[in-house]
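In: Dropping the sequence and predicted coords here.
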Amino acid sequence: MGIASEALKNFKGFSLKNMPEVEPLSPGHRACQGCGEVLALRQAMKAIGTNVVVCSATGCMEIITSPYPQTAWRVPWIHVAFENASAVVSGVEAAFKAMNRKKIINQPDVTFLAYGGDGATADIGLQSLSGALERGHNFVYLCLDNEAYMNTGIQRSSSTPFGASTTTSPPGRKSSGQATWKKNLAKIAVAHGIPYVATATPAYPVDLMNKVKKASLVPGPAYVHIYSPCPTGWRCGLDQSLEVARLAVESKVFPLYEVIDGKYILSRKPANPKPLSEYFKPQRRFRHLKADEVAMIQSMVDEEYDDLLERCGV
């Protein structure tokens, strides 16, 4: 039995009947209406609880939760540079370990959490994240993926899906929007041989909270990739965040799964997968795509999903 399996063998999990009431991230922050990212972060923090130190990369969640002199955080929280949240949380974890060893403190069970958006994770923070995972620090990393640099004006990132329109990947006569396929960060994390990796979305809150809690219980590094709708950047209705998030799962665009000690486990398999066109429909960032382009993207989604099913043994 691997270290994650051993740590999780008695895990009971949350349900709709026993949701934690604690709110480490308070209401009254300044997120946009309909923000799926802050909803995901709130769910994650409810699962983690208050015995935690949080390291935040620069991004939307840093901006909206900590406008000086106010803060929405009710737990120890550190804002660091865009690219080094993983390096900082590594240092915090090592410092606590040393102080516990020297009997300066007696806090052996603190959870160390770092989070960042897709830009801070897939792009400029990938080096520090990879190093922290490789070194085996005991921490949880959350990627709150809204598929572009939303805080600075909706610029494309390497997590922006193929064909999406952003301010730096606009469609035109010679362009269909984003020209590269979305980087698979969860698969990259798995390649580091860490004990626990998962994908989640706030549209399935119990699933998300259970995965984040599992990540916190596993000794060593854990990575959770959270699909986080942004109505502002995705050009969908303010009340459509969760609808779009569900459609992402139901259309196989964003499958939900876990990788525990290297073993893939599918969390949810749509009985009747929806066509990609239904997922695209509420989002104006895809409205320029032609039928043949949608068909090409559909084939790519199907191919990746079939590969995942094979890895899961389904």
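Out: Good, I have the coordinates. Residues are numbered from 1 along each chain as shown.
In: what pLDDT does Ile297 get?
Out: For Ile297, the pLDDT comes out at 97.
In: Now do the SS call for it.
Out: Here Ile297 is recorded as helix under DSSP: H, G, I helix; E, B strand; the rest coil.
In: Count the residues that sit near it.
Out: Ile297 is flanked by 21 other residues according to other Cβ atoms under 10 Å. Quick note: C-beta positions are derived from backbone N, CA and C, even for glycine.
In: unless I'm mixing things up, Trp77 is touching Val54, no?
Out: Yes. The pair Trp77 and Val54 passes the contact test of Cβ atoms under 8 Å, sitting 4.6 Å apart.
In: the more surrounded of these two?
Out: Taking other Cβ under 10 Å, Trp77 and Val54 do not tie; Val54 has more neighbours (26 against 19).
In: gap between the more buried one and Tyr141?
Out: Using Cβ to Cβ, to the nearest Å, one obtains 11 Å as the distance from Val54 to Tyr141.
In: Mind listing residues that contact the helix or strand where Glu6 lies?
Out: Glu6 is part of helix 3-8 when elements are defined by DSSP states H and E. With Cβ atoms under 8 Å, 6 or more residues apart in numbering as the test, helix 3-8 has contacts from 195-196, 214, 217-220, 260-261.
In: where does the protein have low pLDDT?
Out: Applying pLDDT under 70 to the chain flags no residue at all.
In: Check the gap between Leu113 and Phe14 for me.
Out: 17 Å.
In: make that Arg42, sorry
Out: To Phe14, Arg42 is 14 Å away according to Cβ to Cβ.
In: What of Ala189?
Out: Ala189 is 23 Å from Phe14, where distance means Cβ to Cβ.
In: Same drill for the two, tell me which one is more crowded.
Out: Remark: of Ala189 and Phe14, Ala189 carries more neighbours, 25 against 19, as counted by other Cβ under 10 Å.
In: Which of the helices or strands spans the more buried one?
Out: Here Ala189, judged by DSSP H and E, is contained in helix 185-190.
In: Off-centre distance for that helix?
Out: Distance of helix 185-190 from the chain centroid (Cα atoms, centre = their mean, to the nearest Å) equals 12 Å.
In: List the buried residues for it?
Out: Using 16 or more other Cβ atoms under 10 Å as the test for burial, helix 185-190 gives 185-186, 188-190.
In: Name the nearest residue to Pro24, ignoring sequence neighbours.
Out: Excluding the flanking residues, the one nearest Pro24 by Cβ to Cβ, 6 or more residues apart in numbering is Met45, at 4.2 Å.
In: which residues does Arg246 contact?
Out: Taking Cβ under 8 Å, 6+ apart, we find Arg246 in contact with 201, 203-204.
In: Please narrow those residues to those residing in strands.
Out: In strands, judged by DSSP state E, none of these are found.
In: Narrow the residues you listed to those that are buried.
Out: Buried residues within the contacts of Arg246, defined by neighbour count using 16+ other Cβ under 10 Å: 201, 203-204.
In: tell me which of those is nearest to Gly163?
Out: Comparing the buried ones among the contacts of Arg246 against Gly163 with Cβ to Cβ picks out Thr201 as the nearest, at 20.4 Å.
In: phi, psi of that closest one?
Out: Phi and psi for Thr201, reported as degrees, to the nearest 10, are phi -150, psi 150.
In: List the contacts of it.
Out: Counting by Cβ under 8 Å, 6+ apart, Thr201 touches 40, 207-208, 226-228, 245-246, 248-249, 254, 256.
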